[in-house]
Each structure stands twice: as C-alpha cells, then as structure tokens.
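Colleague: Sequence and predicted structure, then a few things I'm wondering about:
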Amino acid sequence: MKKYFTVTYKHSEAIYCANIVHAETVEAVKACYSKYEQVNIRESEQYEVDAARRRGMPIVEIENQEDVAEKERRKMKKISIDNGHTYCTPEEALEQISMDVLAVYMDDDARELVHYRLAPCSEVEFLTAYLEIAPYDLVIG
C-alpha cells in the first residue's frame, strides 16, 4: 500500500526544495531523487498531506516498476508501413497495404484471437482491435 513521504533535497547551489511524495516504498522515493544532493526522506504526517492538498500543492506520484511495465504492455501498439520510420493510423495503413499483407506480419495468436472475437467486422475494426492486444508494434517494410 502506498504511503506519503516528505522529501527535502538540494536542487542547486542555493535552492532547496520540499515535496510530498506518494509511493510504495522509501526505496522507490530514493531512486526517484537519486540525482539530487542532500536528500532527506521521512514518512509524512497526515497534517502535512492535508495542508499540501488544502494549499493546492502538487503531490508527486511514484509508480512502482511493475505497474509501469504493465501499463506499457497494455498500451495500444502502433503500425508502421515504412519499416518503423513513421507510424500511421489503421485507416492510413489500409489505404496503402492490403489486409492480407498486414496479416502476414501480425502475431499469429493475437490475430486469431481478434478473428475469434470480432469476425465478421470491417478491416479497420479488425486492425484496431489487433493493435489493442498485440504484443508488439506492427512494422512493415
């Protein structure tokens, strides 16, 4: 469960800063502030968090690495028809390349799952659904 920490650190020669940070562990906070000198971290008192909220001060959210990796994994993948130089929308890709050619480059398991769930559907719907569950970007060219 996440906790609130009060972090003070030396930002530059004459500037010191203080933040309220919301994180799982003190180690995660240390990692986030590792580039600064003279970093002090302690668990925040509830009144400090309440005061920061009341004053409209930002509270820094630090996500653990597993959450970040999971979000990245779930992010909709992109499609490129020029070997990864640029990316385009499914509609733009289908204007240039047929679905039969695109299917050759798709992950077999993801393609079959979309086919099982959606068919019959339009090519744009199919390609969009594929990119939502694909394990990697679809790069052609």
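Modeller: Noted; the coordinates are in hand.
Colleague: before we move on, which element is residue 6 in?
Modeller: Per DSSP states H and E: residue 6 is located in strand 3-12.
Colleague: Residue 86 belongs to a helix, doesn't it?
Modeller: No: with DSSP: H, G, I helix; E, B strand; the rest coil as the criterion, residue 86 is located in coil rather than a helix.
Colleague: Tell me the bridge partners for the closest residue to it other than its chain neighbours.
Modeller: Excluding the flanking residues, the one nearest residue 86 by C-beta to C-beta, 6 or more residues apart in numbering is residue 80, at 6.4 Å. For every residue, glycine as well, the C-beta is placed using N, CA and C. Beta-bridge partners recorded for residue 80 (DSSP bridges): residue 139.
Colleague: quick revisit: just the C-alphas of the helix or strand following the strand holding residue 6, formatted as CSV.
Modeller: Per DSSP H and E, the first helix or strand lying C-terminal to strand 3-12 is strand 15-23. C-alpha atoms of strand 15-23 as CSV (Å, rounded to 0.1, in the frame of the first residue of the first chain):
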residue,chain,number,x,y,z
ILE,A,15,17.9,26.2,-3.8
TYR,A,16,16.4,23.7,-1.5
CYS,A,17,13.0,22.0,-2.2
ALA,A,18,10.5,20.0,-0.4
ASN,A,19,7.8,17.7,-1.8
ILE,A,20,5.1,15.4,-0.6
VAL,A,21,5.6,12.1,-2.4
HIS,A,22,3.1,9.2,-2.7
ALA,A,23,5.0,5.9,-3.2
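Colleague: what sits up against strand 15-23?
Modeller: Residues from elsewhere that reach strand 15-23 (C-beta atoms under 8 Å, 6 or more residues apart in numbering): 2-11, 29, 32, 38, 41, 44, 48-49, 52, 57-62, 64.
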